[in-house]
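Novice: Give me a 3D structure for the following:
(3 chains)
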Amino acid sequence: MEFSSLTFLAALPEFILIFFALVLVLVAAFARHSDGHIKTVRTISLVGYATGFAALFLLPQGATEIFNGMFRIDGLTVYMKGLVLLGGFFACWLVGDGWGEGIDRAEFHLLVLMAILGMLLMISANDLISLYMALELQSLPLYVVAAMRTGSLKSSEAGLKYFLLGALSSGMLLYGASMIYGFSGSTGFSEIAASLTTGDISIGMTVGMVFLLSGLAFKISAAPFHMWTPDVYEGAPTPVTALFAIVPKVASITLILSVTYNALGEMAVQWQQILIALSVISMIVGATGAIMQQNIKRMLAYSSIAHMGYALAGLASGSMQGSTSVIIYMTTYVFMGAGSFAVIMTMRRDGLPVERISDLSGLSSTHPIQAAGMMVIMFSMAGIPPLAGFFAKWYVFLAAVDAGLVPLAIIGLLTSVIGAFYYLRIIRLMYFQEANAPLDKGGERQNRLVLFASLAVILLFFFFIGPVHDHASSISGALASFS
Amino acid sequence: MMENNWYIELAWIVAKILAVIVPLLIAVAYLTLAERRVIGFMQLRKGPNVVGPFGLFQPFADALKLMAKETILPAGADKTVFMIAPMLTFVLALVAWAVIPFDAGMVLADINVGVLYLFAISSLGVYGVIMAGWASNSKYAFLGALRSAAQMVSYEVSMGLVIINVLVCVGSLNLSAIVEAQRDMWFAVPLFPMFAVFFISTLAETNRAPFDLPEGESELVAGYFVEYSSMSFALFFLGEYANMILMSAITTLLFLGGWLPPFDFAPFNLIPGPIWFILKICLLLFVFLWVRATTPRYRYDQLMRLGWKVFLPFSLIYVVLTAGYLVATDSLPGLIG
Amino acid sequence: MISSFFFYLFAAVTCLSGLMVVTSRNPVHSVLFLILAFFNAAGLFILLQAEFLAMLLVVVYVGAVAVLFLFVVMMLDINFVELREGFQKYRTLGIVIGIILLAELFTTFFQLAGDSGALPETTGVHNTAQLGRVLYTEYVYLFQLAGLILLVAMIGAIALTLRSRPGVKRQSISDQNSRRREDTVRLAKVRSGEGAEAKEGSH
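Specialist: Predicted structure coming up:
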């Protein structure tokens, strides 16, 4: 294999992130730990995300495979990498310089940077081995940051639970991958796809595919593989929860997209059934589980399970329309997640973060801008037109109906209605309930950038839904099933 | 006919093995004497000089004394592990010699991965120590074993990186090839810092002064072998000294040109290779003793700091420098074999 | 003939020590048997002419990983009785899984028996060189990725466990080396019977 400038150009964002990560290692090791230390570290990682994002525009146009076919870039991966880098930037911005809870350390930013790097590599994975290794590179730092709140039992529990279940899911994924390798004779996605076009689909391939998808379903916390999500969301420090809520699922969904559409496109009939089942259970579990929650982080955990159900409904349709709808869904998901946590992370009472839903009561009188922002985001999550969340769901259900999955769409609609209940409950609390003890003032300036950016996207989504849809459908044309 | 050949071959192999091991054991015996004499002279004492001419029979007297003593098994000791540990230490110190070339072609097993084999065997040495420390059912022994294990594992890392330096200059893991690659210049010259790091690491790897914390007689009585007596103690003792000789041999092979003469003209190249090899080993062994006589013992945190924070980064940087130089000057060796 | 003798020797010892790992009463013995199993597996690699892998197995697993195992097992306070009970509880399940695995292996074995095509051709190049060639060309991406994962694992482990406790005296080598004589030593004339006067900050 020859190394050309193309090799390095095609993986430019990744190289940039590696560079910044190594700079952070050196800063963490050698810089004097003064008050401004964490500020420097955070600035470096923010610059890293921004530079990586800028580098996306320098990537070669069209589909390119480098590193012996293990790393693929095309329109879809570039778009998803953009989302991930944006989400990473948001999450890093929200942390601020003095969050507390034991995460104001250079290692935190370093590990998050590494996790984002792993997500970029996941998106570009074009081989079972690179898929697995990128997934591990993404998961390992996340396990650590979830447990980073020193001296907190809940945080340790979150980290340990996440780690154990993550290891279990990795095992399932590896088992499935080894079956697929054994029956197709190759680990490369394109070679697997080629082997499927000739002859029947063996039972071994199906078993492998089931295990592979189960492992990936763990990563996107689709029910029934969702058990870790509420505990991890609750136990982890809130900035870490924000990170979990914003980025990793974009990468994992893209991974499922490329595995199903690129590698196993010929097995659509088989994986459709699995995705439909995952989607239905996730939507139901997400919608019903959130109702009784008292903790806003737990509630958003169930909400994200439901969101994954909707995204999977789009995937399950197996059509180009379906992949387009998933791309749109994940776009809105990033902004809704970032926006909601921009509000939640300003919730402090006497300097300490609070996270009960009832703490939001009376927010409209004390923090009117925050309350208004949260209202828009909750409406969007519930799928009220003309906000972004409505269009996301609309395209997903449209794709499902067009693919003949009418029952799936109906279940989706019903669970959306149930879901609207707990989103609207928050709005009711904020606007029609007296505040029992007001939250601290002044924290909101820091998060304003993220909140306003998300709100702008959510509110104005209907202006550019046309171009976004065109772009999404043109980049899903790069998937192997449609070319 | 076939059977006959088979016997002869086996006998020949056994003879070759004995030809390595017997001189080695004698060398070990006299190394103990040399140690006491050399340190004695450095400290203006005489050292053992009574048994035989110049004390030359002293090692045999010591050996007889140890053999005649009673083997004591401490109460509560894990008897099997307790007895296996010294044997393991001793055997490991001997099997490593299988791949050491004494001259071109004069080697028991000329395997492709000779360096790795040595590295693997030396990394096994830690088990003798841990097993002894644990099986003795004694605090001092256990503490000594823990110290020793941590120390040996730590210094192996930088030793490995030093070896990589040599390997990128040679392009082979075969020890004979490594020696042949030093025909023009010993690696001790261009890689002198690595030579120094390697030699100091061998001191730590063999638990010798100034890194003899596992024994640390002033704090741990005698460390991991405090409970051993008689023949089992003798095996540890032999193993430790055989390891010193082995490490000196490895250093010689990697950095001092093995059996090659220092200058390739008469009268130097008239002296046979094995003699040169032994002379170089003796020189290094003398440095071992010299260091012991003159340096105070390290503190444990200093020891760890030296290994992880000084040697490891330094040898890592040196790998980059060496490889960078070789690539830049286009003198990277091709793969030999 | 000799190589098949060694094959059966290594294989038998590997199996037996594997059995001893799960059955021996003392966890330290278990780990020691595990090490023995590793070692014999390395011997099997040598018989396959994969000497590089064999050495790596010894250096990495026996020389480093198992040492840590042994450390942990020796220092942990393990309740042996409880351990026994757990073993009894899962014995049936374990045996069933073992039998299934064995059956699978036998099926594969009899299907492939006599088919030596599974073994790669040994060309003139040593497997160390061969491994190096593919590792640093075709699989360089995965190689580097593995490096990153290990870096992350190391940083993560340290970040989770390292606590900077206040009040612990630490040695600062650079401070020690930059100490000067004037800062610490003061020459004083001491008259007998009076002693040197104590100055602020000295003792």
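
Novice: is the helix or strand containing residue A:242 up against chain C anywhere?
Specialist: For residue A:242, the element it lies in under DSSP states H and E is helix A:238-246. No: taking Cβ under 8 Å from any Cβ of the partner chain as the criterion, helix A:238-246 and chain C are apart, separated by no less than 12.8 Å. Glycine gets a C-beta too; all of them are placed from N, C-alpha and C.

Novice: So what touches that helix?
Specialist: A:87-88, A:90-91, A:94-96, A:99, A:101, A:103, A:112, A:115, A:142, A:145-146, A:148, A:232-234, A:236, A:297, A:300, A:304, A:334, A:337-338, A:340-341, A:344-345, A:353, A:355 (Cβ atoms under 8 Å, 6 or more residues apart in numbering or on different chains).

Novice: Next secondary structure element downstream of that helix?
Specialist: helix A:248-257.

Novice: so where's chain C shaky on pLDDT?
Specialist: C:77-86, C:112-125, C:196-203 (pLDDT under 70).

Novice: okay, now the domains of it?
Specialist: With domains defined by automatic domain parsing, chain C comprises C:1-83, C:127-162.

Novice: among the ones you listed, which is nearest chain B?
Specialist: domain C:1-83 (2.9 Å; Cβ to the nearest Cβ).

Novice: At the contact with chain C, which residues of chain A appear?
Specialist: A:1, A:18, A:25, A:67-68, A:70-71, A:105, A:107-108, A:110-111, A:114, A:117, A:121, A:129-130, A:133-134, A:136-137, A:140-141, A:143-144, A:147-148, A:150, A:159.

Novice: rerun at 6 Å
Specialist: A:1, A:67-68, A:70, A:107, A:114, A:129, A:133, A:136-137, A:140-141, A:144 (Cβ under 6 Å from any Cβ of the partner chain).

Novice: Out of those, name the two that are farthest from one another.
Specialist: Farthest-apart pair in the residues of chain A next to chain C is A:1 and A:107; separation 35.0 Å (Cβ to Cβ).

Novice: Give the residue from these two that has the larger number of neighbours.
Specialist: A count of neighbours by other Cβ atoms under 10 Å in any protein chain shown puts residue A:107 above the other of residue A:1 and residue A:107, at 22 against 15.

Novice: Toward the C-terminus, what is the element adjacent to the strand or helix carrying residue A:371?
Specialist: Under the criterion of DSSP H and E, residue A:371 resides in helix A:368-382. Heading C-terminal from helix A:368-382, the first helix or strand you meet, by DSSP H and E, is helix A:388-402.

Novice: What residues of that next one count as buried?
Specialist: A:388-393, A:395-401 (16 or more other Cβ atoms under 10 Å in any protein chain shown).

Novice: again with stretch A:295-306
Specialist: A:295-306.

Novice: To which secondary structure element is residue A:475 assigned?
Specialist: Counting by DSSP H and E, residue A:475 is part of helix A:465-476.

Novice: which strands and helices sit next to that helix?
Specialist: helix A:75-95, helix A:320-344 (3 or more Cβ pairs under 6 Å, 6 or more residues apart in numbering or on different chains; DSSP states H and E).

Novice: Would you mind listing what in the stretch 151-300 of chain B touches chain C?
Specialist: Residues of the stretch 151-300 of chain B lying near chain C (Cβ under 6 Å from any Cβ): B:153, B:173.

Novice: low pLDDT regions in the stretch 151-300 of chain B?
Specialist: B:214-222.

Novice: all strands for chain C, in order.
Specialist: Read by DSSP state E, chain C holds no strands at all.

Novice: Please give me every residue in contact with the closest residue to chain C within chain B.
Specialist: Nearest residue of chain B to chain C (Cβ to the nearest Cβ) works out as residue B:123 at 2.9 Å. For residue B:123, the contact set (Cβ atoms under 6 Å, 6 or more residues apart in numbering or on different chains) comprises B:156, C:59, C:63.

Novice: repeat for residue B:69
Specialist: For residue B:69, the contact set (Cβ under 6 Å, 6+ apart) comprises residue B:230.
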